[in-house]
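Asks: Please find the sequence and the predicted model below.
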There are 2 protein chains.
Amino acid sequence: MDVSEFFLKLLLIIISAKFFAEVFIYLHLPSVLGEVIAGIIIGPSLLGFIEPDATFHLLAEIGILLLLFEVGLETDVGQIIKVGIQSTLVAITGVATPAAAGFWVSYHWFGLDMIPSLFIGGTMVATSIGITVRVLVDLKKRHTKVSQIVIGAAVMDDVIGVVVLAVLYDFAVKGTVSIADTARVMFFIAVFLVLAPIIAKLFVPTMAKLSSVSKTKGMIPALIVSLILGLAVISHKVGAPEILGSFAAGLALARRFFLPLGATIEHYSHEMAEKIE
Amino acid sequence: MDVSEFFLKLLLIIISAKFFAEVFIYLHLPSVLGEVIAGIIIGPSLLGFIEPDATFHLLAEIGILLLLFEVGLETDVGQIIKVGIQSTLVAITGVATPAAAGFWVSYHWFGLDMIPSLFIGGTMVATSIGITVRVLVDLKKRHTKVSQIVIGAAVMDDVIGVVVLAVLYDFAVKGTVSIADTARVMFFIAVFLVLAPIIAKLFVPTMAKLSSVSKTKGMIPALIVSLILGLAVISHKVGAPEILGSFAAGLALARRFFLPLGATIEHYSHEMAEKIE
């Protein structure tokens, strides 16, 4: 893709997303739905101005990573644990209903084979945390108890989704399901989810130290982005989705954990604001 | 490229760039040179961890665009015009010397043909404004008179570089150079350079209006990025390098022009800082 063409497409994406977001808010609907509609309109489904290619895909992945980091930052682990049972119930319902419906429709209505039907059911399991959070924010319900329950459930659904697809893949290839393998993957993910925020938090004094001795500009943002990317890569290695890593990074750097560095970040933002001003 | 692999490479780029930047500052050298060294080490020249591909290329182009926008923001047009004659002299020297040397070495030392030698001379013309500005900032000379002269010259060099290559291309293909065509390209670029900041400035009240009626978050950054991308695309269309468009956008939104919107941007930055804090 030519550089100028890439810039033009980016421009088109930004303008159409903003335009439909505004229209949807005007209609008292969540703005994220407007952004999705913008994508459908300018994407291959309708006008075909933007074809999904590797670069836009990877840019989108960076966006999702940063969004989940922000979700983590604003999440209060204590409250998530407090509503843990409700979250688990929502998660199980949110896994079982679409999976069963997806399988049933594929197998009985469309007459597909057993394995493809199971896979279609499996792909229905994961919840888009990004869309979930954006809808909650747009509806100004982000800091309600319902929101905590839904976000906890969405995180669980994403983990269950990956495990279910891994199990189905094994079943399709080998014809059997190894309980030991499945348990191992789930154990790794559970260990990661518990340890990652703790390890990331241990990293905070090092970050503060590095930023205080640093003589280059922007050390703090570079360290935070490194932490997000590093945990995303590790998350992928243990078999979990990458976004779980950036969510963990957000949890570790959330307000309650993070006062010493917060002041420095605010200082940087002021400097940037003054520059633009 | 796999998403996880992409994240790992981004992480490697950030960490190595920051590490060598710090080392170079410690050695009293400009940090941007450390970043270039990091690229040479992890790139195909040495370790080959990162192969240049379309995505990294386009990400880099976004970075250059934003850097030139920042350069424009901090540039005082009045001062650039005041040192115009010195800038022009520096620009001409900075064009003629490397072009002549590049041609001479290719033609006489390496015995290449006339056309390839001319092209090698032509590619030596453009100055990397990005590196120039970073070195000036790293040496804490960004706001000196010398800096104004050098940046003015670097912008001119980039324009001359594009025109020279266009002329050489015509010469190589048709065997003649059309003075009329060359004059037309230079006229378009000159008109663009004069008109773009003025048009962009006229766009500012619309931006203020849009952001005040907007009900979505982040309307101002979206509008500024749209302005940068839009001018970059137009700049390419008139035959100038894309970065000239983002430089013009920066000039138009610079401190002296831009007080009404500045306050709003600062407000946004505060909000973001508070969130992270």
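Replies: Structure received.

Asks: quick one: A:M186 and A:V164 touch, right?
Replies: No: the pair A:M186 / A:V164 is not scored as a contact, 10.8 Å apart, by CB atoms under 8 Å. All C-beta atoms are positioned from the backbone trio N, CA, C, and that covers glycine.

Asks: burial measure for the closest residue to A:L8 other than its chain neighbours, as a count.
Replies: Nearest residue to A:L8, sequence neighbours excluded (CB to CB, 6 or more residues apart in numbering or on different chains): B:V233, at 5.0 Å. A total of 20 residues lie near B:V233 under the criterion other CB atoms under 10 Å in any protein chain shown.

Asks: Check the one 10 residues further on too.
Replies: Neighbours of B:I243 under the rule other CB under 10 Å: 24.

Asks: I'd like to know which elements the helix or strand encompassing it is packed against.
Replies: B:I243 is part of helix B:242-252 when elements are defined by DSSP states H and E. Packed against helix B:242-252, as judged by 3 or more CB pairs under 8 Å, 6 or more residues apart in numbering or on different chains; DSSP states H and E, are the following elements: helix A:3-26, helix B:54-73, helix B:145-174, helix B:179-213, helix B:219-237.

Asks: Pick the most buried one from the ones you listed.
Replies: helix B:219-237 (a mean of 22; mean count of other CB atoms under 10 Å in any protein chain shown).

Asks: just for the stretch 151-277 of chain A, where's the confidence low?
Replies: Along the stretch 151-277 of chain A, segments meeting pLDDT under 70 span A:255-277.

Asks: again, only this time at 80
Replies: A:175, A:177-178, A:181, A:254-277 (pLDDT under 80).

Asks: Report the distance from the helix holding B:I243 to the chain centre.
Replies: 9 Å (CA atoms, centre = their mean, to the nearest Å).

Asks: Please apply the same query to stretch A:18-30.
Replies: Relative to its parent chain, stretch A:18-30 has a centroid offset of 23 Å by CA atoms, centre = their mean.

Asks: Outline the domain layout of chain A.
Replies: The record's domain parsing of chain A by automatic domain parsing lists A:83-177, A:187-277.

Asks: how about these in TSV, adding distance to A:S45?
Replies: Listed next are the domains of chain A as TSV, based on distance: least, CB to CB, whole Å:
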stretch	distance to A:S45
domain A:83-177	17
domain A:187-277	25
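
Asks: So for stretch A:24-41, mean pLDDT?
Replies: Throughout stretch A:24-41, pLDDT has a mean value of 91.

Asks: got a list of what A:F49 touches?
Replies: Neighbouring residues of A:F49 by CB atoms under 8 Å, 6 or more residues apart in numbering or on different chains: A:K9, A:L12, A:I42, A:G43.

Asks: same thing but 10 Å
Replies: A:L8, A:K9, A:L12, A:I13, A:S16, A:I41, A:I42, A:G43 (CB atoms under 10 Å, 6 or more residues apart in numbering or on different chains).

Asks: Identify the farthest-apart pair in these.
Replies: Using CB to CB, the contacts of A:F49 span at most 16.5 Å, a distance reached by A:L8 and A:I41.

Asks: Burial check on the residue nearest to A:D157 when sequence neighbours are not counted, number of neighbours?
Replies: Nearest-residue entry for A:D157: A:T127, 4.1 Å, with adjacent residues in sequence omitted and distances by CB to CB, 6+ apart. Neighbours of A:T127 under the rule other CB under 10 Å: 23.

Asks: now do A:L118
Replies: Look at A:L118: counted by other CB under 10 Å, it has 21 neighbours.

Asks: again, but for the one 4 residues further on
Replies: The number of residues packed near A:G122 is 24, by other CB under 10 Å.

Asks: Find me the pLDDT at it, would you?
Replies: 87.

Asks: Distance check, it against A:L168.
Replies: Distance of A:G122 to A:L168, computed by CB to CB, to the nearest Å: 5 Å.

Asks: near chain B, which residues of the stretch 101-250 of chain A?
Replies: A:137-138, A:210, A:213-237, A:241-242, A:245-246, A:250 (CB under 10 Å from any CB of the partner chain).

Asks: can we see that at 7 Å?
Replies: Within the stretch 101-250 of chain A, the positions lying close to chain B (CB under 7 Å from any CB of the partner chain) are A:214-216, A:219, A:222, A:225-226, A:229-230, A:232-233, A:236, A:242.

Asks: Contacts made by the helix or strand where A:G34 lies with the rest, please.
Replies: Assigning secondary structure by DSSP H and E places A:G34 in helix A:31-42. By CB atoms under 7 Å, 6 or more residues apart in numbering or on different chains, the surrounding residues in contact with helix A:31-42 are A:12, A:16-17, A:20-21, A:23-25, A:46-47, A:49-50, A:131, A:134-135, A:138, B:216.

Asks: switch to 10 Å and redo it
Replies: For helix A:31-42, the surrounding residues in contact (CB under 10 Å, 6+ apart) are A:9, A:12-27, A:29-30, A:45-50, A:52, A:60, A:128, A:130-138, B:215-217.

Asks: and A:L29, how many neighbours?
Replies: 16.

Asks: my guess is it contacts B:K215, does it?
Replies: No: here A:L29 does not reach B:K215: they are 11.6 Å apart, not a contact under CB atoms under 10 Å.

Asks: and for these two, which residues touch both?
Replies: A:A21, A:D138.

Asks: Tell me the pLDDT of the closest residue to A:Q86 other than its chain neighbours.
Replies: Using CB to CB, 6+ apart and skipping the chain neighbours, the partner closest in space to A:Q86 is A:I149 (4.7 Å). On pLDDT, A:I149 comes in at 89.

Asks: go on, A:W104?
Replies: 93.

Asks: For it, give its distance to chain B.
Replies: Distance from A:W104 to chain B, counting by CB to the nearest CB, to the nearest Å: 31 Å.
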